[in-house]
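J.: No sequence on hand, only this structure:
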Ligand code: BES
Ligand code: MN
Ligand code: ZN
């Protein structure tokens with residue numbers, strides 16, 4: 001996954017990357033001249049200058065109103081790595097200083113920008129030379145940035161892995177492996193029979209025709225010295241390892257993208273693995289709702305009615321609205337186990353992408369203060385979340401004559417009716433926010449520092465949220 005070594009140690013290198021405006025070091029004349037033009041804005045973009053004193057790469061952070069939470073520094077990190085790879089050097093040294101520079105974000109950008117999903121490529125295409133990027137003097141920043149970026153790149157790898165290789169079973173096994181030594185306890189409820197018995201009919205319904213059995217991964221962290229009355233954070237991720245739509249089959253065009261319909265669970269796993277290793281002083285739990293949504297003779301049918309964990313009956317109008325079914329019982333369960341604050345992450349609706357586009361996630365919650373906190377965590381790390389209303393008047397769009405609730409609403413407001421559906425399974429007193437990441441989970445053709453593929457969106461927001469949660 002990482003052909004890049006990021007270090008704060010100085011040493012030999014064949015390329016010097018200069019962060020223009022944040023470097024007081026004396027530079028060779030021809031380099032200074034280009035740096036001055038870049039600083040003045042007469043030229044823009046990364047500049048390579050070959051001088052007698054070596055090769056220099058000049059980069060400048062491009063402030064844009066939409067690049068919040070250090071994003072321009074991540075972009076810059078990616079530019080440095082791209083430039084170093086283009087020059088085919090073995091090592092590059094970054095010259096940066098000053099309090100204004102966000103070195104942690106540069107470090108993140110280096111690793112996020114260098115990520116490629118080439119696990120399954122052969123021969124030359126699979127091999128990328130090892131590259132060392134040195135950011136001398138920034139031990140803490142490099143370590144902190146690398147930890148976050150590596151977590152996010154794990155989420156990306158899981159999402160990029162195709163459905164034949166990452167199914168509910170292999171995902172669960174991978175989660176167990178990744179969490180080893182983290183201090184969290186992991187329990188896996190495996191297969192439709194056990195899931196039904198344990199009270200998770202939604203996961204069983206959706207996953208019963210999958211090529212591998214559905215799984216619920218329950219991750220629990222309890223601090224050594226629990227503060228009395230400490231709040232309890234729970235994170236729930238949608239993990240459909242492939243969403244064909246089921247009997248309500250999707251059209252074939254771009255159906256492959258649905259291998260990433262477990263992006264919520266991937267970000268949940270990646271983030272919680274980081275969060276628990278930081279040993280917060282409040283309990284944290286996380287749930288991965290893993291199933292493969294497939295059509296066959298065992299599949300659930302449109303028209304099926306089943307009783308959810310909280311006693312409500314659900315009419316399955318459309319088997320392609322499966323995310324809400326796998327999440328519903330788990331949200332109820334998370335509340336039963338004492339969660340006071342919850343976030344769920346899900347590539348839930350195409351409608352959310354229509355509403356907010358590919359780069360902004362929807363945030364739907366009943367408690368404005370908690371919704372605001374989640375949103376601010378996103379803003380602080382460059383992930384844009386925008387509130388959508390759980391408009392009560394639309395509840396009737398989910399009415400059904402034969403069951404307590406239908407699993408799809410009308411033609412319009414699909415992201416909202418999906419959120420309203422979920423809210424029916426969360427007790428009113430629990431502070432809960434639903435994040436619909438259907439847009440930003442995937443970079444359809446490359447985005448900022450993301451190569452084409454899945455982004456691991458939400459990982460950084462969750463880690464940031466958990467850090468702030470501890471300071472409440
Ligand atoms: N996983 C999809 C949503 C999705 C669509 C994610 C595009 C990413 C990109 C979800 O399970 C789904 O199929 N939703 C349906 C809901 C509809 C049947 C009410 C949708 O959005 O069309
Ligand atoms: Mn679907
Ligand atoms: Zn789906």
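T.: Perfect, thanks for sending it. None of these values were measured; they are calculated from a predicted model. Ligands and ions are numbered 1, 2, ... in the order given.

J.: quick one, what contacts residue 268?
T.: Taking CB atoms under 8 Å, 6 or more residues apart in numbering as the contact definition, residue 268 lies against 235-237, 286-288, 345, 458, 462. Glycine gets a C-beta too; all of them are placed from N, C-alpha and C.

J.: would it count as being in a helix?
T.: Yes - with DSSP: H, G, I helix; E, B strand; the rest coil as the criterion, residue 268 is assigned to a helix.

J.: Give me the three-state assignment for the closest residue to it other than its chain neighbours.
T.: Leaving out its chain neighbours, the residue that sits closest to residue 268 by CB to CB, 6 or more residues apart in numbering is residue 237, at 3.2 Å. Assigned with three-state DSSP, residue 237 falls in the strand class.

J.: Secondary structure element for the residue in the chain that ligand 2 sits nearest to, which one?
T.: At 3.9 Å from ligand 2, residue 320 is the closest residue in the chain, using CB to the ion. Element membership of residue 320 [criterion: DSSP states H and E] is none; it lies in no helix or strand.

J.: Contacts only, for it.
T.: 243, 245-246, 248-250, 293.

J.: give me that answer again for 10 Å
T.: Residue 320 makes contacts with 243-250, 258, 293, 302, 350, 407-408, as judged by CB atoms under 10 Å, 6 or more residues apart in numbering.

J.: can you pull the pLDDT of it?
T.: Here the pLDDT value assigned to residue 320 is 98.

J.: my guess is residue 243 meets residue 259, correct?
T.: Yes - counting by CB atoms under 10 Å, residue 243 touches residue 259, with 8.5 Å between them.

J.: Of those two, which one has the most company?
T.: More crowded of residue 243 and residue 259, by other CB atoms under 10 Å: residue 243, with 26 against 21.

J.: Tell me who's in contact with that one.
T.: With contact set as CB under 10 Å, 6+ apart, residue 243 has these partners: 163, 206, 250, 255, 257-262, 291-294, 319-320, 322-323, 347.

J.: give me that answer again for 6 Å
T.: Residue 243 makes contact with 258, 261, 293, according to CB atoms under 6 Å, 6 or more residues apart in numbering.

J.: Need phi/psi at it.
T.: phi -110, psi 90 (degrees, to the nearest 10).

J.: Just the pLDDT at it, thanks.
T.: For residue 243, pLDDT reads 99.

J.: Around ligand 2, pick out the residues from the stretch 301-450 of the chain.
T.: 320, 322 (CB under 5 Å from the ion).

J.: so what does the lengthiest helix in the chain touch, helix or strand wise?
T.: The longest helix of the chain (DSSP state H) is helix 139-160. Secondary-structure packing of helix 139-160 (3 or more CB pairs under 6 Å, 6 or more residues apart in numbering; DSSP states H and E): helix 103-114, helix 263-277, strand 453-454, helix 459-470.

J.: which residue packs closest to the closest residue to ligand 1 within the stretch 201-350 of the chain, ignoring adjacent ones?
T.: Of all residues in the stretch 201-350 of the chain, residue 350 sits closest to ligand 1, at 3.4 Å by CB to the nearest ligand atom. Nearest residue to residue 350, sequence neighbours excluded (CB to CB, 6+ apart): residue 438, at 6.4 Å.

J.: Phi, psi for that neighbour please.
T.: With angles defined as degrees, to the nearest 10, residue 438 sits at phi -60, psi -30.

J.: count of neighbours near it?
T.: Residues within reach of residue 438, counting by other CB under 10 Å, total 28.

J.: now residue 119
T.: Neighbour count of residue 119, defined by other CB under 10 Å: 11.

J.: same thing with residue 289?
T.: Neighbour count of residue 289, defined by other CB under 10 Å: 33.

J.: what does this protein put close to ligand 3?
T.: So far as CB under 5 Å from the ion goes, the chain lies against ligand 3 at 240, 243, 261, 323.

J.: Looking at those residues, which are in strands?
T.: Counting by DSSP state E, the part of the residues of the chain next to ligand 3 found in strands is 240, 243.

J.: out of everything not next to it in sequence, what's closest to residue 296?
T.: Spatial nearest neighbour of residue 296, excluding adjacent residues (CB to CB, 6+ apart): residue 209 at 4.5 Å.

J.: ok, now which ones touch the one you found?
T.: Residue 209 makes contacts with 294, 296, 298-299, as judged by CB under 6 Å, 6+ apart.

J.: what do you get if the cut-off is 10 Å, keeping everything else the same?
T.: Shown in contact with residue 209 (CB under 10 Å, 6+ apart): 192, 244, 246-247, 291-300, 319.

J.: Got phi/psi on residue 360?
T.: phi -120, psi 130.

J.: now for the lowest-mean-pLDDT helix or strand in the chain, which elements pack on it?
T.: Using mean pLDDT, DSSP states H and E, helix 123-126 stands out as the lowest-scoring helix or strand of the chain, at a mean of 80. Where contact means 3 or more CB pairs under 10 Å, 6 or more residues apart in numbering; DSSP states H and E, helix 123-126 is not packed against any helix or strand.

J.: Please pull up the helix or strand immediately following it.
T.: Downstream of helix 123-126, the next assigned helix or strand under DSSP H and E is strand 131-134.

J.: That following strand pairs with which strands, and in what direction?
T.: Sheet pairing of strand 131-134 (DSSP bridges) gives strand 4-7 (parallel), strand 91-95 (parallel).

J.: I'd like the ones you listed written out as TSV, with mean pLDDT added.
T.: Shown next, in TSV, are those (pLDDT from 0 to 100):
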stretch	mean pLDDT
strand 4-7	98
strand 91-95	98
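
J.: quick one: contacts for residue 107?
T.: Residue 107 neighbours (CB under 10 Å, 6+ apart): 6-8, 73-74, 77, 94, 133, 135, 138, 141-149.

J.: out of the contacts of residue 209, who's nearest residue 313?
T.: Within the contacts of residue 209, proximity to residue 313 (CB to CB) peaks at residue 300, which comes in at 14.0 Å.

J.: got a list of what that closest one touches?
T.: Neighbour list for residue 300: 202, 204-209, 246-248, 293, 306, 316, 319, 322, 325 [criterion: CB under 10 Å, 6+ apart].

J.: Among those residues, name the ones in strands.
T.: Judged by DSSP E, the subset of these located in strands is 293, 306.

J.: Looking at the contacts of residue 300, which one is closest to residue 355?
T.: residue 322 (20.3 Å).

J.: Of the residues of the chain next to ligand 3, which are in range of ligand 1?
T.: When CB under 6 Å from any ligand atom is applied, the members of the residues of the chain next to ligand 3 adjacent to ligand 1 are 243, 261, 323.
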